[in-house]
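**Student:** everything below, folded, please.
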Amino acid sequence: MSNLKPERGRSAAFLVASGIFLSKISGMVREFLFARYLGGHSDAADAWRVAFRIPNFLQTLFGEGVLSASFIPVYAGLLARGEKEEAGRVAGAVLAILALLTSVLTLIGMAATPLMVDLIGYSSPGPKRDLTITLVRILFPGAGLLVMSAWCLGILNSHRRFFLSYSVSVLWNFSIIGAMLRFGLRASESHMAFVAAWASVAGSAIQIVAQLPLVLHLVGNLSIGLWTQLESVRTVIRNFGPVFLSRGVIQISAYIDSILAVPIQGGPAMFGYIVNISGLPTSLFGMAVSASELPEMSSALGTGSEVAAYLRKRLANGLRRITFFVVPSVVAFAALGDVVVAAVLQSGRFKPEDTIWGWRILAGSSIGLLASTQGRLYSSTFYALKDTRTPLRFAVIRIALTTVMGYFSARSLPQMLGLTPMWGIAGLTASAGISGWVEFALLRRSLASRIGMEPVGIKYLVRLWICALIAAAAAWGIRLALPGIAEPRIRAVIVLIPYGLVYLLLADPGMLVRLRNRIAVTLRRNA
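**Tutor:** Take a look at the predicted model:
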């Protein structure tokens, strides 16, 4: 039976979070340049967002989330039992299957691009539709390469090499950033979108090249082939199906969101900008914990009751870590969202009035932020139990609710209340948050009936919310005391850093010391 080692879980989560942090910081720089050169309401900005979403279904359906659920539990289990030759065959089979599927789908996608663009809502002939089609066809091969990068991530995570797998996307961001800095000052908006698309493909290739040497070293006896006769490979395929369908449902929901946003001028662009910002806590904290816990949970050995007890402990510890950081993120997005949006996006063609709309949309996304981040860990626990069907059922329910409420909130509610159409984008994010809470409740109840549950604790939750609200009040006090600071980045430093420090000092006074010590230990180990 595997012993619970929370310190190892925290260390792994810290490495994942560090990698994601670097990736997201570079991603925010990328988004800043997009906003600066494409603006918040331009046709080129809308075309880029819609074009990027279409081929992204390859990464969504075959990428990290699917491989984490289907491949890592099997591969990590083989490593835990010392079956390295079998693990090498499983890794090679998954690589071969992914390469075959993504190659075929990439070719089909490039051929069917006009049809997919029409389905999104750009059926009317014109420059905007033409640009979108061109961008989609450029981006499709890059999306296929990112699927291969996700295979590398699955190998690295199974061997507990978390930092490289989650920081390597910095190279993808740098490729786009470099291209935009090179051409942004003198290129038109449409040409900038074109340049960014080619840079995205180049960055995808660089990302794979950076991971391959270590991956090949770790696997050692990699044997590439369609080894479907192996029971371990069949288990991966069986697990793959429900997660594939679950991701497919999510992708359909993403398309529906895009369709609902298309009639609103600037809707796809603003929706894309804010989704990237609101997804930061989910990636940084929810993904960090769930990704680091999945191989640990999947390696649990022992009787059914022993495994259940082990999973309960890891789940409770993970939920507390997630909650500690996500609660202040929710409050910051709702109370200080204009400061956040302005710091990331406001420059050049992205105007102060765009920032206000961004704040409204960001506040809507904060509704379901805690549910979505905790839901990732619940899903990972099901995946560790090799149960991929239960999360699928609940994902279908969530998407159905999101679709119905999103349509009403985006199309009907603004008209009923006499509001401008852009309020519909805030309605989309808010309705998705409500649906996220429904999914969270279903996941929690189902898992509790299966392995039991160790509650996070109502006193712990209340204390975190109170600390975050007090910190927000202090931040607003600073804003009111220091009015007239025009530069968004300076204003963010003056307001957001005190907000975070006040929260940390109130919620966990010793955390800053522990964080400093952990960073020092990690740096010494990697030196």
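
**Student:** can you pull the buried residues of the helix or strand hosting residue 490?
**Tutor:** Using DSSP states H and E, residue 490 sits within helix 488-507. Within helix 488-507, the residues that qualify as buried by neighbour count (16 or more other C-beta atoms under 10 Å) are 488, 491, 492, 494, 495, 496, 499, 502, 503, 504, 506, 507. Where you see a C-beta, it was placed from the backbone N, CA and C, and this is true even at glycine.

**Student:** what do you get for stretch 462-477?
**Tutor:** By 16+ other C-beta under 10 Å, the buried positions in stretch 462-477 come out as 464, 467, 468, 471, 472, 474, 475.

**Student:** again, but for stretch 313-329
**Tutor:** 314-329.

**Student:** gap between that stretch and the chain center?
**Tutor:** Here the centre of mass of C-alpha atoms in stretch 313-329, compared against the chain's by C-alpha atoms, centre = their mean, to the nearest Å, lies 17 Å away.

**Student:** residue ranges in the stretch 1-150 of the chain under the pLDDT threshold?
**Tutor:** Where the stretch 1-150 of the chain drops to pLDDT under 70, the residues are 1-14, 60-69, 121-125.

**Student:** and the helices in it?
**Tutor:** Along the stretch 1-150 of the chain, the segments classed as helices by DSSP state H, counting those that start in this stretch run 6-38, 43-53, 56-62, 64-70, 72-80, 84-111, 113-120, 127-158.

**Student:** which of those sits closest to residue 333?
**Tutor:** Residue 333 lies closest, by C-beta to C-beta, to one member of the helices of the stretch 1-150 of the chain: helix 6-38, at 14.5 Å.

**Student:** check which helices and strands the helix holding residue 490 sits against.
**Tutor:** Applying 3 or more C-beta pairs under 8 Å, 6 or more residues apart in numbering; DSSP states H and E, one finds that helix 488-507 contacts helix 304-335, helix 337-345, helix 458-481, helix 511-526.

**Student:** which outside residues touch that helix?
**Tutor:** For helix 488-507, the surrounding residues in contact (C-beta atoms under 8 Å, 6 or more residues apart in numbering) are 324, 328, 332, 336, 339-340, 342-343, 346-347, 355, 463-464, 467-468, 470-472, 474-475, 478-479, 482, 485, 511-512.

**Student:** on that earlier part again, dump the helices and strands packed on helix 488-507 to a markdown table, plus mean pLDDT and distance to residue 264.
**Tutor:** Formatted as a markdown table, those follow (pLDDT from 0 to 100; distance: least, C-beta to C-beta, whole Å):
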| stretch | mean pLDDT | distance to residue 264 |
| --- | --- | --- |
| helix 304-335 | 89 | 21 |
| helix 337-345 | 91 | 18 |
| helix 458-481 | 93 | 30 |
| helix 511-526 | 67 | 42 |
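
**Student:** which one of these lies nearest to residue 389?
**Tutor:** Closest approach to residue 389 among the helices and strands packed on helix 488-507 (C-beta to C-beta): helix 304-335, 17.7 Å.

**Student:** the closest one vs helix 337-345, what angle?
**Tutor:** Angle of helix 304-335 versus helix 337-345, following axes from the mean of the first three to the mean of the last three C-alpha atoms, to 10 degrees, is 90 degrees.

**Student:** and helix 304-335, what does it pack against?
**Tutor:** The contact analysis (3+ C-beta pairs under 8 Å, 6+ apart) places helix 304-335 against helix 6-38, helix 267-281, helix 288-298, helix 352-365, helix 369-384, helix 423-451, helix 458-481, helix 488-507.

**Student:** and the residue nearest the centre of the chain, what's its pLDDT?
**Tutor:** What sits nearest the mean C-alpha location of the chain, by C-alpha atoms, centre = their mean, is residue 283, with 4.6 Å. Residue 283 carries a pLDDT value of 76.

**Student:** same thing with residue 221?
**Tutor:** Note on residue 221: pLDDT of 80.

**Student:** wait, it sits on residue 85?
**Tutor:** Yes. Using C-beta atoms under 8 Å, residue 221 is in contact with residue 85, at 5.7 Å.

**Student:** is residue 454 in a helix, a strand, or coil?
**Tutor:** At residue 454 the chain is in coil, as set by DSSP: H, G, I helix; E, B strand; the rest coil.

**Student:** who are the contact partners of the closest residue to it other than its chain neighbours?
**Tutor:** Nearest residue to residue 454, sequence neighbours excluded (C-beta to C-beta, 6 or more residues apart in numbering): residue 316, at 3.9 Å. The neighbours of residue 316, taking C-beta under 8 Å, 6+ apart as the test, are 453, 454, 455, 456.

**Student:** give me phi/psi at the third one?
**Tutor:** With angles defined as degrees, to the nearest 10, residue 455 sits at phi -70, psi 150.

**Student:** now do the contacts for it.
**Tutor:** By C-beta under 8 Å, 6+ apart, the neighbours of residue 455 are residue 316.

**Student:** and if you look at residue 421?
**Tutor:** Taking C-beta under 8 Å, 6+ apart as the test, what residue 421 contacts is 263, 264, 265, 267, 414.

**Student:** now do 7 Å
**Tutor:** By C-beta atoms under 7 Å, 6 or more residues apart in numbering, the contact list for residue 421 reads 264, 414.

**Student:** ok, now the one 5 residues further on?
**Tutor:** Residues near residue 426 by C-beta under 7 Å, 6+ apart: 360, 361, 364.

**Student:** so how far is residue 428 from the residue nearest to residue 454?
**Tutor:** Counting by C-beta to C-beta, to the nearest Å, the gap from residue 316 to residue 428 is 33 Å.
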